[in-house]
Every structure is written in C-alpha cells, then in structure tokens.
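Asker: Model the structure of this input:
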Amino acid sequence: MVIAAPASGSGKTTVATGLMAAFAAAGLAVSPHKVGPDYIDPGYHALATGRPGRNLDAYLCGPERVAPLFLHGARGSDLAVVEGVMGLFDGASGQGELASTAHVAKLLRAPVVLVVDASSQSRSVAALVHGFASWDPRVRLAGVILNKVGTDRHEHLLREALDGAGVPVLGALRRVRTASTPSRHLGLIPAAERHAEAVEAVAAQAAQVRDGCDLDALMALARSAPPLTEEAWDPD
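Answerer: Numbers count the residues shown, from 1 in each chain. Next comes the predicted model:
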C-alpha cells in the first residue's frame, strides 16, 4: 500500500514509518519503499523494518523500471509499504504526473491511504478527501488516516463528516510530541546522526500507529492489491 498526503508536512513519514515498525514488531517481513530520490526517510524505514529502505523514482529510473525495482526489493516480504512524496499528485515540475506518488501508485496498481492533517478543520475534511478521491479515477484512494486530531469530540466531527465521502477512516492519531522527528533545510535529520534518539522516535511512532490505526483493515487493504505481472529487476 502507498501512504500519501495532500501536501508535505501532513505526517506521511510518521504514519508510514510507524506502520512499518508496528507490522514488523508483529512478526511480519515488511519491505519499505519511498517515492523519489529521498535518502533520509529510507534510513528511518530501515530502522523500522530491519530491511533496506528502497527508492522508487520514475524520473531517474523511468516508469518502466518502477514495478521491477519494487518486486526486487519486496522479494520475500509479507507486506510492502510505500511512503509517498510531497502531495499525492505533485510530480516533476512541468511534466504532469511524472514521478508523483499517484504515478507510482498507478504503476504498482497499489491502494492509496491518504494522511490528512486535520488540526485546523472539521467538516471541510470531507471536501478535501472527496476532491483527492475523484481527481484521477485511476488512483485507488482506499482509506484515510486522520493526523493531529485534537480531542475525542474533534475525531467524532471528522468521522461524521467523512461518513458520506465513500472513503473509510482507517485511523486517527492525536497530536503528540514524542513521535516527532526534527527537520532542517533538506528535510528530516538523518537517522544515522541521531542514533538512540532515532530508535526511540521509531518506537514511539509504532506505538502511536498501533493505538490509533486499524492494523487489520490496513493489512486487508494491502492484500487487496492485484499481483504485478512484470519481472523483478535482476542486478546481474
């Protein structure tokens, strides 16, 4: 499954890394992937899963190699989680959908879970999700995880608004400080520079996701992805 968002800063890395770590802690072999040439997030993915974090970049590698590279990296795993980049439909500048999260999701025929920063909205969340779900019918937006939810009342309002949106809510995460990962000008500070702090952050993200997400529903969603017919990339 692909973890996407309407925009950067919505919580994709927290959710994706937390899911990877939570499923790995449950005994599953989890294959971690990241859309784009990002080298920082895969470091956290590797901490979460014990497997190399791998990039899926349709711009640098070409769209035709995305599925083969994915199959190579995911060989022997029970589950693959792909963290998106920027907003769901944000691709290479001036080149349409190329290299966007949506583009990669379509190449993999994978269901997409949208992480929404709900901190400053209630009923409007339904309009946002409806827009993303209907923008490109070839992208299967199959679930929503609400991030930065304030209170039980806030969560109730969000879920009530999304009841008629046709996209199930698969999780709701409260605003917390313990699961944060610090950033600087290039994005998150690499895991290798944070050592024990990075391990603690990944563990906190896993706990947050376990407490706030329906892991059984998310696993069922991942299993609903159709098989890929391409051949796995062979480094030899």
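Asker: moving C-terminal of the biggest strand by length in the chain, what's the next helix or strand?
Answerer: Selection of the longest strand in the chain by residue count, based on DSSP state E, yields strand 141-149. Taking DSSP states H and E as the definition, the helix or strand that follows strand 141-149 towards the C-terminus is helix 152-162.
Asker: who touches that following helix?
Answerer: With contacts defined as Cβ atoms under 8 Å, 6 or more residues apart in numbering, helix 152-162 is touched by 118, 121-126, 129, 144, 146, 149, 169, 172. In short, each C-beta sits where N, CA and C put it, glycine included.
Asker: quick one, it and strand 141-149 angle?
Answerer: 160 degrees (axes from the mean of the first three to the mean of the last three Cα atoms, to 10 degrees).
Asker: I'd like the average pLDDT over helix 152-162.
Answerer: Mean pLDDT, taken over the full extent of helix 152-162, equals 98.
Asker: Would you mark the buried spots in it?
Answerer: 154-155, 157-159, 161-162 (16 or more other Cβ atoms under 10 Å).
Asker: wait, what's in contact with residue 85?
Answerer: Listed by Cβ under 8 Å, 6+ apart, the contact set of residue 85 reads 34-36, 38, 100-101.
Asker: Is it within a helix or a strand, and which one?
Answerer: Using DSSP H and E, no helix or strand contains residue 85.
Asker: Please shift the residue numbers so they start at 50 in all later answers.
Answerer: Sure, I'll start counting at 50 from here, so that last one is residue 134.
Asker: Point out where this protein drops to low pLDDT.
Answerer: Along the chain, the model assigns pLDDT under 70 to residues 226-244.
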